[in-house]
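>>> model this:
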Amino acid sequence: MFIFTIFFNLLTFIHSLYLLACLPAYNEEGIIGNLIKKIIPLVDSVVVCDDGSTDLTSKESQDAGAFVIQHLQNKGKGAALQSLFDFARHSNADVIVTIDGDGQFLPEEIPKLTEDIENGKSDIVIGYRFETEKDMPSYRKIGNKVLDELSKTASNLNLRDTQSGFRAYSKKAIEKINFKNNGFVADSEILIDAATKDLTISEQHVTVLYNTGTRTSTQNPIRHGSSVLISLLEMVLMKRPLTFLGIPGLIMSVIGIITSSLTLISFNETGYFSIPLTLLSIVLFTVGVMLVLVSGILFSFNRTSKSQ
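The predicted structure follows:
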């Protein structure tokens, strides 16, 4: 009887967790209303951040039963996620699920993501998409692979899909995570920040629909991918300056010293002075020293920021 009571109380506790679905959206008229209607039976509340849409995304979301946060202008997915996280903190949500408003993910797979959070096994669960990639456009395969590798390098996390927008977060994660990027790099920044804050991250395979017959991106894929890549590279350099600036800089400086020494030895032995090698050694040494100095400054800045 005692064991049954504990089990019943545990089930009651799990069921009482406040589950909030968060949808960043931009010009998703004709898609988002049906998506919200499918999500509502699976969660306690739905909130949409309309990131400056020029269509009827907000009205369609409200009519479907969602609370809507409106940005007056398009700020980017990261800005929409920041507004949604702030809303989740103020609404005291126990678990949030982020799902893109373009209809590529299946709402019925939400319980698959929230299960490990509800039973205390994970703080963040990512819906990874890459068990099969046959339906993914080629440019997406290449772009996602590059961004995945950079994100994993910056965070030291061994994850299969760092770019998926279909995720679940625990209350602990909601309160601890801090990110500032307003664009798509926010997905990576969240994981990089989570890796430094003792948050457990796991993955669950989810279905993704690429050929939905609707436009799932409003940006040129090459321009968009380049922008995300540059922003992520900047973040990687900022997060791990000693690895990606300091060590290469030290190697370049040593090569510069060796090259200049060989040039002097050659001059002493043969009387021939190589101007190209001299210039090369000067450039290598100078650039190397600059990289080491910059890495030291960034490392000190990061240490100071974390201690505040």
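>>> From here on, just use CA atoms for contacts and neighbour counts.
Noted.
>>> isn't there a helix covering Val254?
Yes: assessed by DSSP: H, G, I helix; E, B strand; the rest coil, Val254 belongs to a helix.
>>> Excluding residues flanking it in the chain, which one is nearest it?
Nearest in space to Val254, with sequence neighbours left out and distances taken as C-alpha to C-alpha, 6 or more residues apart in numbering, is Phe285 at 7.2 Å.
>>> buried set for the host helix or strand of that neighbour?
Here Phe285, judged by DSSP states H and E, is contained in helix 275-307. By neighbour count on 16 or more other C-alpha atoms under 10 Å, the buried set for helix 275-307 is 278, 281-282, 284-285, 287-296, 298-299.
>>> Same question for stretch 54-63.
Thr57, Ser58, Glu60, Ser61, Gln62.
>>> Keeping just the C-alphas, turn it into PDB.
Extracted C-alpha coordinates of stretch 54-63, given in PDB (Å, rounded to 0.1, in the frame of the first residue of the first chain):
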ATOM      1  CA  THR A  54       3.800  40.700 -42.700                       C
ATOM      2  CA  ASP A  55       1.000  38.200 -43.100                       C
ATOM      3  CA  LEU A  56      -1.800  36.900 -40.700                       C
ATOM      4  CA  THR A  57       0.400  34.700 -38.600                       C
ATOM      5  CA  SER A  58      -0.600  36.400 -35.300                       C
ATOM      6  CA  LYS A  59      -4.300  36.300 -36.000                       C
ATOM      7  CA  GLU A  60      -4.200  32.700 -37.200                       C
ATOM      8  CA  SER A  61      -2.300  31.800 -34.000                       C
ATOM      9  CA  GLN A  62      -4.700  33.500 -31.700                       C
ATOM     10  CA  ASP A  63      -7.700  32.100 -33.500                       C
END
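>>> just so I have it, where are all the strands in the stretch 1-150 of the chain?
Remark: strands assigned in the stretch 1-150 of the chain by DSSP state E, counting those that start in this stretch are 19-25, 45-51, 67-71, 95-98, 124-128.
>>> Excluding covalently adjacent residues, which one is nearest to Asn34?
Nearest residue to Asn34 in three dimensions, chain neighbours excluded: Ala64, at 7.5 Å (C-alpha to C-alpha, 6+ apart).
>>> Thank you, goodbye.
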